[in-house]
Every structure is written in structure tokens, then in C-alpha cells.
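# need a structure here:
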Amino acid sequence: MARRALKLATLATATSGIYLYVNKFLDPNDFGVVRVGRAIATVHLRSAERLRELCCANRGTFIKVGQHLGALDYLLPEEYTRTLKVLHSQAPQSTRQEIEQVIREDLGKEIKELFLSFEDTPLGAASLAQVHKAVLQDGRTVAVKIQHPKVQAQSSKDILLMEILLLVVKQIFPDFEFMWLVEEAKKNLPLELDFLNEGRNAEKVAHMFKNFDFLKVPRIYWELSTRRVLLMEFMEGGQVNDRAYMERNSIDVNEISRNLGKLYSEMIFVNGFVHCDPHPGNVLVKKCPVSGKAHIILLDHGLYQVLSESFRMDYCRLWQALIKADMKRVQKYSQRLGAGDLYPLFACMLTARSWESVNRGIDRLPVSASEDVEIRSNAAAYLPQITQLLNNVPRQMLLLLKTNDLLRGIESALNTRANASSFLNMSRCCIRAVSTYQRSKSHSLYRKAQISLTEALSLWQINLYELFLWLKGSRLGNWVIALLSRMHHSSY
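Reported below is the predicted structural model:
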């Protein structure tokens, strides 16, 4: 326990180091002959690597928090996010003996009694568990998710230590506002440690999106599942950010990006039940050999955010305002979500766009490299305001921000970021969600009919605009435009 506390003290020191730098308490010019830009990047990288090593050494809860930090692109220097992102796929593994112990304790049998074959090398190891490929006695190929044996017992102690040391840092630096990380870990970790809860989430989302033929969710085998062991249908594919894999397998990158955006828009705006860990290891793609269609395979259903109706409506209307560049409504709904006078910063965090782009319309131009650099530079300059925002917004927003960042990372890897189709899908979902809500609150048949007509017209306008974009980008469209232009000129 004392050793873990000492390690965590080092973690707190590294965290406070970030705080000192971004708040300008450390002046790089104090280091004399050191080239400031290079020195700062080197210090960040070294600190990030130490932080990653500490997370791996302490395992469990620490890796989970490290993964969360790795998704905070709008908050931390690139050296930290890039270094900590590897924790999603390169977490420490449990030994064969530890795995056998968990299976023996939870299922009451040895591995050889349950399986015809069981691969020693895990398919993947994460913060709380690892997954092995196996074949049941009846010949079914399954994925076996097994919790690391000491995670349950150690997690509450880890969170307590983390809370104490972050409180100490906060006493030294009153503006240090990272306590929300501990609060979120306290709330979410017990849910993620219960694999039966994960199985229920998987079945719920599979039923919720049963009409999406591109979505595949592994079936759960309840007879051999417990709180620490989860047996699932085995599914394989390439990671969703692996563009080379998609090209080799003739999978349309734009179709995958469009369908992933459609899925998450439905989750967030329409259903209010959101898978909050869409890092590339949890989202696979595969081309069906029979139909030739590309499937999205959604894994790891331990962490979902349930959105309240009032939050979901405000969030819908905020995104509608952002897409239309309606600044008055952006201010109104940002403030309703707790942003206060920091609503311009909140809009930039949500969209990962500059304030100039937000004002012009986020669907007008793609994200440029210079804009990305500007956003990262401003993140360091505005850290106190960002941490204030993260403390003020509803807790539901924290996981949505993390989810947004992970999805943007996928879009960046596929080079489909700020694609017009993603905004059109979001607009459709927002319109449907708001209209459904308005109908539920109306007792007048005339008013309900009016709402439905407005909804139909709005959706029709989006469909028409999408058709225009398709024609504009297609050969047929170019031919039609050229023909109309020729006819126009010949009439004079």
C-alpha cells in the first residue's frame, strides 16, 4: 500500500507539473541556453512516458484513468495524449495461472473441462480484463473476457489514494480542478467491473439497433458468464482506424465513417443510451463474404451513459445551432448546459474547431492542419477555463466529450473529418428527437400534426440537400450541370 502511495505521489507530481507549465508558473526562459520549444516537448514526452509506466505498474484503475487522460486532446499536450493512447491496446496481461484461478473460482471448473481449446495469448489486454479466443466443447468459437484477478479488491483503495493526493495538489494550487476524474471513476468503475451489466448493455444495444444491418454486436452466452467472466460470440475484423486494412479488403472508408456517425447520432440524440468507449480496439470492421456489405462490430459494452431527457433536448438544440451557425442559440443552449460566459470555449471544445470556424459554420470548410495547431495551442493557454468548464457542466457531458474525442480520432485516421454527411445525419437525428419530444408534451391533435408536418418538411429538405451534394460530386451530376449550362448559353 505504501509503495502504491509513493508511486501515486509521483503521478500527482507529474500532473501538477502539467498544471505549472500551462499556467506559466514555470517560465521556460529561466532555463537559459535551453531551446525552449524543443525542451518543453522533451519534458512533456519524458513526463508522459513516466506517467504511462506508472499506470502500467499499478494496473487496473490507474490504466483506466490513463486511458481517459489519453482522450483529452482538447486539454493536454500532444506528447501526453499520444503516449497514453497506447494504454488502450498495450495494457499489462494477467498470467495463465491468474486466468485459471478466476475461471476456477467463478465457473467452478478447469479450463480443459470447459473448452476444447483455449489460446494462451490474449487477443487483447485492457485496464480491467483481457480477452482470449477459445472453442467450447460443442464446437462453438467464443471470446472469453476475464477480469484481472486483483482489480476488484484494489480498485477502491486506488481511488481513495488518488483522491487524497489530488486533494493535496489542489491545496497547493487552488485552481487545480481535476477532481472530476476521481468522481467519474467512483461512479463508473463499479459498473465496468460487473460483466453481467456489460452483457445486459450488449443485448440492449443490439435490440435497440436491430434495424441497422451494418451493426454487429456479439451474442452473450449467459450460462458461462459471471461478474468476472463474460463469454461472447467470437467476431473478428480490422480496427476501425486501419485505413490500409479497409483498402486491402475493398471496404469503403466513407461508408464506414458515415455509418459510425449515424450509429452514434442515434445513440446520443434519439435514444440517450451512449457507448462511451469507442476507441479503435472496441470498434472493428469486416466485409461480409456473402453479401459484400461492410459491417461495424461494436465491442466492450461496460461503459454506457444514460442521458436525461432535458439534457438530451438541450444538447440536440445546441448542435442544431452549431450546424446552422446560429450564435444566439449557441449561447443560449451552452449556458443551459452549464457553460455560462465560457460558451465560446465550450462550443470550440464540442466541435474541436476554432471560434472563427464555429461562427462561419462548422460544415463549411474541413479542418486544416493550422486550425488543429491553433486549437492545441489555445488548449494550453485556456487550461484554467477548461477545467472550470469541466467542473460546471453536467456529469453526463464528461463522457460525451470523451466519446466525441475518440470518434474524431477515428475520423482523422480515416481522413473523413468534418464530412458533410456526418452533419446531415446529426441534423436528421436532432430533428426527429426534438419532434418526438414536442409531440409527447402536446395534448392537441392539431399541434401534433403540425409538429409532424414540420418534421417531414425539414427531413425532406435535408434529403434534397444530400441529393444535391451527391449529384455535385458524381459524374452524372457533372454531366447534368454541364448540359444545363450549355442549354442556358444556347438560349441567348
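# quick one, helices of the stretch 301-450 of the chain?
Using DSSP state H, counting those that start in this stretch, the helices assigned to the stretch 301-450 of the chain run over residues 309-324, 327-336, 343-351, 355-360, 369-381, 383-392, 395-414, 420-441, 445-473.
# Packed most tightly, which of those helices would that be?
Highest mean neighbour count of these: helix 343-351, a mean of 22 (counted as mean count of other Cβ atoms under 10 Å). Where C-beta positions appear, they are placed from N, C-alpha and C, glycine not excepted.
# helices or strands up against that helix?
Contacts defined by 3 or more Cβ pairs under 8 Å, 6 or more residues apart in numbering; DSSP states H and E place helix 343-351 against helix 309-324, helix 327-336, helix 355-360, helix 383-392, helix 395-414.
# Can you tell me what sits against that helix?
Contacting residues not belonging to helix 343-351 are listed as 74, 318-319, 322, 330-331, 334-335, 337, 339, 354-355, 357-358, 362, 375, 378, 382, 385-386, 389, 393, 401, 404 [Cβ atoms under 8 Å, 6 or more residues apart in numbering].
# on that earlier part again, next, format the helices of the stretch 301-450 of the chain as TSV and append distance to Glu79.
Supplementary listing: the helices of the stretch 301-450 of the chain in TSV, determined by distance: least, Cβ to Cβ, whole Å:
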stretch	distance to Glu79
helix 309-324	30
helix 327-336	30
helix 343-351	20
helix 355-360	25
helix 369-381	11
helix 383-392	15
helix 395-414	16
helix 420-441	29
helix 445-473	38
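# In terms of mean pLDDT, which of the ones you listed ranks lowest?
Mean pLDDT is lowest for helix 369-381 among those, at a mean of 73.
# Tell me how far that helix lies from the chain's centre.
Helix 369-381 sits 20 Å away from the centroid of its parent chain (Cα atoms, centre = their mean, to the nearest Å).
# Mind checking the helices of the stretch 301-450 of the chain for the one nearest to Lys287?
Of all the helices of the stretch 301-450 of the chain, helix 395-414 sits nearest to Lys287, with 15.7 Å by Cβ to Cβ.
# Next, the angle from the closest one to helix 309-324.
40 degrees (axes from the mean of the first three to the mean of the last three Cα atoms, to 10 degrees).
# quick check: angle from helix 395-414 to helix 369-381?
Going by the same axes, to 10 degrees, helix 395-414 makes 150 degrees with helix 369-381.
# what's helix 395-414 packed up against?
Taking 3+ Cβ pairs under 8 Å, 6+ apart as the contact cut, helix 395-414 packs with helix 179-192, helix 253-265, strand 273-275, strand 304-306, helix 309-324, helix 343-351.
# Reformat those as a markdown table; add distance to Asn415.
Listed next are those as a markdown table, based on distance: least, Cβ to Cβ, whole Å:
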| stretch | distance to Asn415 |
| --- | --- |
| helix 179-192 | 31 |
| helix 253-265 | 8 |
| strand 273-275 | 23 |
| strand 304-306 | 28 |
| helix 309-324 | 21 |
| helix 343-351 | 18 |
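# For Met246, find the nearest of the ones you listed.
Comparing the helices and strands packed on helix 395-414 by Cβ to Cβ, helix 253-265 comes nearest, at 5.4 Å.
# which of the residues in that closest one are buried?
Val253, Glu255, Ile256, Ser257, Arg258, Asn259, Leu260, Gly261, Lys262, Leu263, Tyr264, Ser265 (16 or more other Cβ atoms under 10 Å).
# same question, stretch 112-130
For stretch 112-130, by 16+ other Cβ under 10 Å, it's Leu114, Phe115, Phe118, Pro122, Gly124, Ala125, Ala126, Ser127, Leu128, Ala129, Gln130.
# Those in strands, which ones?
Per DSSP state E, strands hold the following members of the buried residues of stretch 112-130: Phe115, Phe118, Gly124, Ala125, Ala129, Gln130.
# and those as a markdown table, adding pLDDT and distance to Ala202?
Formatted as a markdown table, these follow (pLDDT from 0 to 100; distance: Cβ to Cβ, whole Å):
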| residue | pLDDT | distance to Ala202 |
| --- | --- | --- |
| Phe115 | 96 | 21 |
| Phe118 | 96 | 22 |
| Gly124 | 86 | 17 |
| Ala125 | 84 | 20 |
| Ala129 | 90 | 14 |
| Gln130 | 92 | 18 |
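# out of those, who's nearest Asn201?
For those, the nearest to Asn201 is Ala129 (14.9 Å; Cβ to Cβ).
# show me the contacts for that closest one.
Ala129 touches Lys145, Ile146, Gln147, His148, Val151, Phe195, counting by Cβ under 8 Å, 6+ apart.
# cool, Arg364 as well?
Ser357.
# Can you pull the phi and psi angles for it?
phi -80, psi -50 (degrees, to the nearest 10).
# do you know how far it is from Gly199?
44 Å (Cβ to Cβ, to the nearest Å).
# Equivalent analysis for Ser291, please.
27 Å.
# Comparing the two, which shows the higher neighbour count?
Gly199 (23 against 9; other Cβ atoms under 10 Å).
# Next, the more buried one: secondary structure please.
helix (DSSP: H, G, I helix; E, B strand; the rest coil).
# what's His301 sitting at in phi/psi?
phi -100, psi 30.
# count of residues packed around Lys286?
Count around Lys286 with other Cβ under 10 Å applied: 18.
# for the one 4 residues further on, same thing?
Other residues near Val290 number 6, with proximity taken as other Cβ under 10 Å.
# now swap in Leu87 and tell me
25.
# The one 10 residues further on now?
Look at Gln97: counted by other Cβ under 10 Å, it has 8 neighbours.
# cool, the one 5 residues further on as well?
Residues near Val102, counting by other Cβ under 10 Å, number 18.
# cool, the one 3 residues further on as well?
Counted with other Cβ under 10 Å, the neighbours of Glu105 add up to 12.
# Likewise for the one 5 residues further on?
Using other Cβ under 10 Å, the number of residues around Glu110 comes to 11.
# what kind of secondary structure is the residue nearest to it when sequence neighbours are not counted in?
The spatial neighbour of Glu110 that comes closest, neighbours along the chain excluded (Cβ to Cβ, 6 or more residues apart in numbering), is Arg104 at 6.4 Å. What three-state DSSP gives for Arg104 is helix.
# do you know how far Arg104 is from Arg376?
According to Cβ to Cβ, Arg104 and Arg376 sit 49 Å apart.
# Please apply the same query to Tyr221.
45 Å.
# same question, Tyr315
Distance of Tyr315 to Arg376, given as Cβ to Cβ: 25 Å.
# what does Gln335 give?
Taken as Cβ to Cβ, the span from Gln335 to Arg376 is 26 Å.
# before we move on, what about Glu255?
Taking Cβ to Cβ, one finds Glu255 at 30 Å from Arg376.
# Likewise for Leu464?
Leu464 is 38 Å from Arg376, by Cβ to Cβ.
# Check Pro122 too.
34 Å.
# repeat for Tyr437
37 Å.
# what does Gln396 give?
Taking Cβ to Cβ, one finds Gln396 at 26 Å from Arg376.
# do the same with His132
From His132 over to Arg376 (counting by Cβ to Cβ), the distance is 39 Å.
# How about the residue nearest the centre of the chain, nearest residue that isn't a chain neighbour?
Centrality entry for the chain: nearest residue to the mean C-alpha point is Thr403, 2.3 Å, by Cα atoms, centre = their mean. Closest residue in space to Thr403, ignoring its immediate chain neighbours: Cys276 at 5.1 Å, by Cβ to Cβ, 6+ apart.
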